[in-house]
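A.B. asks: Sequence below, structure please.
(2 chains)
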Number of protein chains: 2
Amino acid sequence: MSLIPQFRSLLGDAAVLTEAAAMAPYAEDWRGRYRGNAACVVLPSNTGQVAQVVRACAEARVPLVPQGGNTSLCEGAVPGKGDEGWVVLSLQRMRRIRSVDLANNSMTVDAGCVLAAVQDAAAEQGRQYGVSLGAEGSCQIGGNIATNAGGTGVLRYGNTRDNILGLEVVLPDGRIWSGLNGLRKNNTGLDLKHLFVGSEGTLGVITGATLKLHPLTTAYANAWMAVPTPQAALDVLGLFQQRVGGVLGAYEMMNALQLDIVLAHVENRRAPLAATHPWHVLVELADTGGEDALGEALQEVLRRGLEAGLILDVAVATNRAQRDAWWQVRHSVTEGNKKAGMGIATDPAVPVSAVPAFIERATAAAHAVLPGAPIIIVAHLGDGNVHFIPQASFAQWESWADPHAMASRIKHAVNQVAHELGGTFSAEHGIGQALTGDMAEFKADVELDLMRRIKQLVDPHNLFNPGRLLPSHPR
Amino acid sequence: MSLIPQFRSLLGDAAVLTEAAAMAPYAEDWRGRYRGNAACVVLPSNTGQVAQVVRACAEARVPLVPQGGNTSLCEGAVPGKGDEGWVVLSLQRMRRIRSVDLANNSMTVDAGCVLAAVQDAAAEQGRQYGVSLGAEGSCQIGGNIATNAGGTGVLRYGNTRDNILGLEVVLPDGRIWSGLNGLRKNNTGLDLKHLFVGSEGTLGVITGATLKLHPLTTAYANAWMAVPTPQAALDVLGLFQQRVGGVLGAYEMMNALQLDIVLAHVENRRAPLAATHPWHVLVELADTGGEDALGEALQEVLRRGLEAGLILDVAVATNRAQRDAWWQVRHSVTEGNKKAGMGIATDPAVPVSAVPAFIERATAAAHAVLPGAPIIIVAHLGDGNVHFIPQASFAQWESWADPHAMASRIKHAVNQVAHELGGTFSAEHGIGQALTGDMAEFKADVELDLMRRIKQLVDPHNLFNPGRLLPSHPR
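C.D. replies: Okay, the predicted model is just below:
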């Protein structure tokens, strides 16, 4: 590829990977289900280098795939089979914490910073960064922003979008937009950062961000509840919101099958409750200050839930180790599901009020395609986001003539139910390459039209992550 | 105007105003400083009628000014002097609460709903709508969204942008984008609602919105503090954030001059503290649940602030009437300032940490233009948003050859300081017609370029609020 010598001279030899073995980790998605090809992987060290790479690609009309921690669940950050001529632009060498402003509760970082490193850097300063998710040990801030990552902190702190004050972006023509600022209010025209949040690398490369921080959480109160139905879980959520809505940190629901899978397939995970129950909720209250008030509020709501028959059984964490152990159970669902079989994972959201109806109808819809399939459910219930995962055994999956087509049919049936209930087929995972078909089917024409025209405006030669996010965009 | 018979047949005669007297309230800004002209004012009753009006205007290439409660401080919602051929599209007949979803904590409303009516409708259902501002008795939700209104609730609930789940918009070509949904998470491509929030009527007419609700606040704890300096106010803010950041509802600062003006010019306003002090802060903790815990936390932080010499004097509200009286003082600043003289109001924001430096340097900059001018300061300190208002006497204002040019020079000097400190010249008021010059001066070329091209893309004939928001856009 003719650009490689140019990249070597711009970035140094070590920052340009061309050998298949060296490129492999960048060309394969983290679940190992998808492997693509590229001409090279470039590893710029700063925003100026990113802009140089982008300008070179723009001049040569070579497509680019920006890549963060490569933890996409939708093949959003890896090249495809036929992308031999493309460049993967990895941000992994850009991991500086650029500055911290304590009085402003903000921090400016390189886009390649790993989420956990940002959380740690904030905690060292007595501050909290609000985004938390299973992949936090390897996903990067830039990828979080480009996909508007959700996770388990959304109920309290919102999605990644809500935790960003400013952005620095290299546009497809190589210009740098320096939109880094720490302002809480700024009504000077269109707020352009929202164009790039969730754009999945199709409108440029995010190279830096100013993040919103909060005071460091010092007090927790946690309970693991068993409830009879999703509706009961929702009713208890209402009790918590009414009593302590401002400090409700997480409200994570899973069904018995999900819990059993974690206990069976992930080492050192223990059942929080002695008996078996159909539905489980991990609730967390989190605040600054002391734990006594939180603990009292927790007990008060639990008492009301028990009296009303909404809670079947409950354990309250008596120390930090117990809290950590419960969170390990919650964060082990992906690992467990990967070992237990072929999970056909979906990521819909519906209005919170519609979650019980969604689970009921989606189960019927999935079973219409794959009768009797076990259904794994793990939900960010407070956000209306249900990971609804019909499961095939490994043997079953291998037996299908076209397993991906079968998986698509099942996902489609589930997503159709979410759509009918006023919901979405992708709450937090985004679109990538995997869900462009759903985009074409479920999004309104006027929305697709606006998105396509904005893409065309910002990236007229369609060089940035082409074929991702938007369905059948003309190349 | 040739469209008038068409509008009459579409909307009915009573919904089309053409007499100067009838149009006057729609053609003059609420401060009475700016009066424009228009061909007619139309008052559609539903989204379909709005779309019909827009299509008629699009076909005839007639410009439109969408108008909500007409409370813009930047002449953003009124026609200009030379706009005799334009149509003012008022949303005031569209004020239905369309639906409430309690379990989802959301409410869908017509864009013409008055903010206070929305707050009341939420409260009737035991819920809270997070946006609150001085004009809430007359400003409308659609205008709030089109200008991303701020106010006194930003610290706790964010700007209007953060309180919107979905939008319904009539685009400049007459298509209706039905983006109303109650989803907390939806990562299916660009989040188009953020394009319209803050677009000031330049990209279409917002006709409906799904709003985020919170549990109704049931407990308050308020203090009125005197502090020696803005830095001391900031240090006490840090103490509050560290101790009770999650329930800090408001942190409003004013200087002695601002307080004196309210006490002198607005009836039935009383000084919260007996002695005079240089700086004042109204702090509010707000939560669900009981008031005891809030009151204890308030006392604890105040004690620490007093011991550290950061607080000179303080009163704690002992009942709801006292709280209301203090908020009346705060909400009377606009009325007081209007009576006290010609306030040359600015609306900058800087990083919270930079507020003390901003106040010092902006004072010097304003005095370099108008030596010795009294400076009124009222700030949403927790947001870094300082209403910095050099004051001219009525006589002085009349004595100037070109008072508006003088006001512009003063504002420019203040905004220049904010810019140098990494801030913005318009934190919450927006741009309208008044601040397009600052847009041209302070915004980066790459931002203006992107905004202009998006405007061109969505409104190719430049018919929606032309000349507002963006500087010197080709007509």
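A.B. asks: Count the residues that sit near the residue lying closest to A:Thr147 once chain neighbours are set aside.
C.D. replies: In this structure, A:Thr147 finds its nearest non-sequential neighbour in A:Gly430, 4.4 Å apart by Cβ to Cβ, 6 or more residues apart in numbering or on different chains. Every residue, glycine included, has its C-beta placed from N, CA and C. For A:Gly430, the neighbour count with other Cβ atoms under 10 Å in any protein chain shown is 28.
A.B. asks: does A:Gly430 really touch A:Gly201, like I thought?
C.D. replies: No - using Cβ atoms under 8 Å, A:Gly430 is not in contact with A:Gly201, being 10.2 Å away.
A.B. asks: Spell out which residues are contacts of both of those two.
C.D. replies: A:Gly76 (Cβ atoms under 8 Å, 6 or more residues apart in numbering or on different chains).
A.B. asks: check contacts around whichever residue of the stretch 251-400 of chain A sits closest to chain B.
C.D. replies: Residue nearest to chain B within the stretch 251-400 of chain A: A:Ser353 (3.6 Å; Cβ to the nearest Cβ). Residues in contact with A:Ser353 (Cβ under 8 Å, 6+ apart) are A:234, B:101-104.
A.B. asks: change it to 10 Å
C.D. replies: Going by Cβ atoms under 10 Å, 6 or more residues apart in numbering or on different chains, A:Ser353 touches A:231, A:234, A:238, A:384, A:421-422, B:101-106, B:182.
A.B. asks: Let's see if you can find the most crowded of these.
C.D. replies: Highest neighbour count within those, by other Cβ under 10 Å: A:Gly384, with 30 neighbours.
A.B. asks: Skipping adjacent residues, who's closest to that one in space?
C.D. replies: Distances taken as Cβ to Cβ, 6+ apart put A:Val352 closest to A:Gly384, at 4.3 Å, once the chain neighbours are dropped.
A.B. asks: So the one you found sits against B:Leu213, correct?
C.D. replies: No - using Cβ atoms under 10 Å, A:Val352 makes no contact with B:Leu213, being 11.4 Å away.
A.B. asks: ok, back up a step: helix, strand or coil: sort out the residue of the stretch 251-400 of chain A closest to chain B for me.
C.D. replies: Using DSSP: H, G, I helix; E, B strand; the rest coil, the structure places A:Ser353 in helix.
A.B. asks: Pull the contacting residues for the residue nearest to the spatial centre of chain A.
C.D. replies: For chain A, the residue nearest the mean C-alpha position is A:Ala149 (3.7 Å; Cα atoms, centre = their mean). With contact set as Cβ under 10 Å, 6+ apart, A:Ala149 has these partners: A:68, A:71, A:115, A:131-133, A:135-136, A:139, A:141, A:143, A:159-161, A:163, A:197-198, A:428-430, B:187.
A.B. asks: tell me the average confidence for stretch A:372-379?
C.D. replies: Here stretch A:372-379 scores 98 as its mean pLDDT.
A.B. asks: again with stretch A:256-275
C.D. replies: Across stretch A:256-275, the average pLDDT comes to 96.
A.B. asks: next one: stretch A:342-357
C.D. replies: Summarised as a single mean, pLDDT over stretch A:342-357 is 97.
A.B. asks: what secondary structure does A:Arg452 sit in?
C.D. replies: helix.
A.B. asks: contacting residues for the residue of chain A most remote from its centre?
C.D. replies: Distance from the C-alpha centroid of chain A peaks at A:Glu307, with 36.5 Å (Cα atoms, centre = their mean). If a contact means Cβ under 10 Å, 6+ apart, then A:Glu307 has no contacts.
A.B. asks: Which pLDDT value belongs to it?
C.D. replies: 98.
A.B. asks: So which residues of the stretch 151-300 of chain A form strands?
C.D. replies: Ranges of strands within the stretch 151-300 of chain A are A:164-170, A:176-179, A:205-212, A:214-215, A:219-227, A:248-255, A:279-287, based on DSSP state E, counting those that start in this stretch.
A.B. asks: deepest of those, which one?
C.D. replies: strand A:205-212 (a mean of 27; mean count of other Cβ atoms under 10 Å in any protein chain shown).
A.B. asks: so what strands line up beside that one?
C.D. replies: Strand A:205-212 pairs in its sheet with strand A:106-110 (antiparallel), strand A:164-170 (antiparallel), by DSSP bridges.
A.B. asks: Nearest to B:Asp173 among the contacts of A:Ser353?
C.D. replies: A:Gly422 (25.9 Å; Cβ to Cβ).
A.B. asks: give me phi/psi at that closest one?
C.D. replies: Main-chain torsions, A:Gly422, degrees, to the nearest 10: phi 80, psi 20.
A.B. asks: Quick check, pLDDT for the closest residue to A:Pro471 other than its chain neighbours.
C.D. replies: Nearest residue to A:Pro471, sequence neighbours excluded (Cβ to Cβ, 6+ apart): A:Ala440, at 3.7 Å. On the pLDDT scale, A:Ala440 is placed at 94.
A.B. asks: what about A:Ala440, distance to A:His277?
C.D. replies: Relative to A:His277, A:Ala440 is positioned 41 Å away (Cβ to Cβ, to the nearest Å).
A.B. asks: what's the answer for A:Asp235, then?
C.D. replies: According to Cβ to Cβ, A:Asp235 and A:His277 sit 16 Å apart.
A.B. asks: just checking, what packs against the helix or strand harbouring A:Ser408?
C.D. replies: Assigned by DSSP states H and E, A:Ser408 belongs to helix A:403-420. In terms of contacts (3 or more Cβ pairs under 10 Å, 6 or more residues apart in numbering or on different chains; DSSP states H and E), helix A:403-420 is packed against strand A:342-343, helix A:355-369, strand A:385-392, helix A:394-399, helix A:436-442.
A.B. asks: Just name the most buried of the ones you listed.
C.D. replies: Of the helices and strands packed on helix A:403-420, the one with the most neighbours on average (mean count of other Cβ under 10 Å) is strand A:385-392, at a mean of 25.
A.B. asks: That'll do, ta.
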